[in-house]
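Visitor: A predicted structure for the sequence below; I have some questions about it.
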Amino acid sequence: MSFPASARTMSFIITRDRERAKKFYSEVLGFTQTGEDPFAVVFDLNGVMLRITPIKDHQPSPHTVLGWEVGDIEAEVKALTARGVTFQKYEGFEMSELGIWTAPDGKARVAWFLDPDGNNLSLAQF
């Protein structure tokens with residue numbers, strides 16, 4: 001038995017502050033809110049449902065929990081920076097001034113940033 005082909009992907013992000021997360025994902029990242037219920041704020045991430053669920057004592061993972069593949073990572077980093085996003089610079093990674101890391105094989109380029117709850121998000125260009 002294989003996984004149902006009709007099953008739609010959805011993603012979850014945890015927040016300590018629903019209103020702050022709602023503002024970040026709508027106003028800063030520009031995603032459309034499609035719903036809200038007692039359990040989550042719902043966004044459309046270009047065809048993938050994101051449910052942002054409040055949990056009072058959430059502690060974010062240091063690893064990437066959500067990312068987007070983009071066609072021009074430099075342009076996207078500059079656009080998000082202009083909207084107030086700060087890109088992470090990690091010790092031990094050679095990163096550009098914009099905060100973009102290039103994989104040793106030169107094929108992948110990645111930039112990481114945090115949402116207001118410290119959830120690690122990324123942009124990648126392959």
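Guide: Thanks, I have it. These figures come from a predicted structure and were not determined experimentally.
Visitor: From Ala75, how far out is Asp44?
Guide: 22 Å (Cβ to Cβ, to the nearest Å). Every C-beta, even on glycine, is put in place using the N, C-alpha and C of the backbone.
Visitor: can you map out the helices along the chain?
Guide: 18-23, 73-82 (DSSP state H).
Visitor: got the ones you listed as JSON lines, with distance to Glu97, mean pLDDT and mean neighbour count columns?
Guide: As requested, those are exported to JSON lines (distance: least, Cβ to Cβ, whole Å; pLDDT from 0 to 100; neighbours: other Cβ atoms under 10 Å):
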{"stretch": "helix 18-23", "distance to Glu97": "28", "mean pLDDT": "98", "mean neighbour count": "14"}
{"stretch": "helix 73-82", "distance to Glu97": "10", "mean pLDDT": "98", "mean neighbour count": "16"}
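Visitor: got a markdown table for those helices, with distance to Arg8 too?
Guide: Below are these laid out as a markdown table (distance: least, Cβ to Cβ, whole Å):
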| stretch | distance to Arg8 |
| --- | --- |
| helix 18-23 | 22 |
| helix 73-82 | 25 |
